[in-house]
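> Sequence plus the predicted model coming up.
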Amino acid sequence: MLRYLPEEERDVWPPAPDSAFSYHTPVFDLKEDMERLTQYSGYFAHPSDLEAFVFGSQMAQAKGVRHTLERARTAYPHCTGALYYKLNDNYPAASWSSVDWYGAPKLAYYAIQDAFAPLHACALFPTLQPAGADFALSVFLLDDADALAHSLWKVIVRVFDAGLDEKRRQGFYGTGSINRVLSLGDVVVPTALSVSTPLFVVVEVRCEGVLADRAWYALNYGPSDTENAVAGNLLALPKTMLETTTTDGVVTVVNRGDVPAVGVCVEAPDAGDQFIVDDGFFWLDPNERCTIRVDGAKWLRVRAWNG
């Protein structure tokens, strides 16, 4: 957005109805675009400036599309394919594209990439704001390319509270092919845990003991009937510390803290439209390391919501 906003508008918030900011919405703010985007952004952050507005609106996009795609995939064979709106833009705008006009991927791009992974374990939720009641999340294993053939596999579900302490763990175990989609069962989260604001669920697949896929979800992230559930709590987590090294197009990220690193991303702030990275939105357990391939940038920044 800073590429197309006039310099005199970059620090003005909220933008005026006749501003370049408003003009660069999907239909030139003629259909209450800013009102709607501000509402969605407000679920995840206090949209008090441009940076908070971008984070909140991109989180809303990632949430809305990712959960829908995973639900579609688990419905096979009644659903045999899914498309999402939309990949890119035909105009520089604050829009629902997952890659902006200039070619820079947004947060949703990586969330959708994870949701479409051929080998993937996911959870379906009755609500994303369960605070104050027992709830059950349904766990599925997806394997489009039969990667699990002749393998011992397990799916582990973990639930973390607002202090990033693991409070619940349940495993599902099997051997060999699953014929694309397998319903593994439910994991019940009791009321005493569901009141945590926020609440995190991590679902991972291990083949022969090696991590093959990980999905993670944030719940209780915005205003609700629970007093402590307020927008912005995703960025108020216990802090951790990331250590990074870069060699020959590979970035190694290590979480040196005592709590998980949430929402880890590898960015190229000055070359986002020329930058390619394997993953830009992931979870790292304490003392866990992750190696990621990158291309197209000389200077990188690695950060997480909490570090």
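Structure's in. What do you need?

> now the spatially most central residue of the chain, nearest residue through space, not along the chain?
Nearest to the geometric centre of the chain sits A111, at 4.8 Å (C-alpha atoms, centre = their mean). Leaving out its chain neighbours, the residue that sits closest to A111 by C-beta to C-beta, 6 or more residues apart in numbering is A62, at 3.9 Å. The way it works is simple: take the backbone N, C-alpha and C, and place the C-beta from them, glycine included.

> mind checking the SS state of D114?
helix (DSSP: H, G, I helix; E, B strand; the rest coil).

> in the chain, which segments are predicted with low confidence?
Counting by pLDDT under 70, the chain shows low-confidence ranges at 223-231.

> quick revisit: element containing the residue nearest to A111, please.
Following DSSP states H and E, one finds A62 within helix 50-74.

> Report the distance from stretch 187-201 to the chain centre.
For stretch 187-201, the separation from the chain centroid amounts to 18 Å (computed by C-alpha atoms, centre = their mean, to the nearest Å).

> could you measure the closest residue in space to A162 that isn't next to it in sequence against N255, distance?
Closest residue in space to A162, ignoring its immediate chain neighbours: S196 at 4.8 Å, by C-beta to C-beta, 6+ apart. As judged by C-beta to C-beta, to the nearest Å, S196 and N255 stand 21 Å apart.

> cool, and T38?
34 Å.

> The two - which one has more neighbours?
A side-by-side neighbour count of T38 and N255, using other C-beta atoms under 10 Å, places N255 first with 23 against 15.

> Which residues are in contact with the closest residue in space to G171 that isn't next to it in sequence?
Closest residue to G171 apart from its sequence neighbours, by C-beta to C-beta, 6+ apart: I156 at 5.1 Å. Shown in contact with I156 (C-beta atoms under 8 Å, 6 or more residues apart in numbering): 169-172, 203-204, 206.

> just the residues you listed now: which is nearest I292?
Nearest to I292 among these is E204, at 17.1 Å by C-beta to C-beta.

> V302: helix or strand, and which one exactly?
Following DSSP H and E, the helix or strand that holds V302 is strand 301-303.

> now P118: how far from D213?
Taking C-beta to C-beta, one finds P118 at 9 Å from D213.

> Please say which of the two ends up with more neighbours.
Between P118 and D213, counted using other C-beta under 10 Å, the more crowded position is D213 (21 against 12).

> Surely the more buried one is within a strand?
Yes. Counting by three-state DSSP, D213 is part of a strand.

> State the number of residues packed around Q129.
19.

> Help me confirm that it comes into contact with N220.
Yes. Contact criterion C-beta atoms under 8 Å: Q129 and N220 qualify, at 5.9 Å.

> Nearest spatial neighbour of C265, chain-adjacent residues omitted?
Nearest to C265 is G280, by C-beta to C-beta, 6+ apart, at 4.7 Å.

> Now for the one you found: which residues touch it?
G280 neighbours (C-beta under 8 Å, 6+ apart): 105, 107, 109-110, 265-267.
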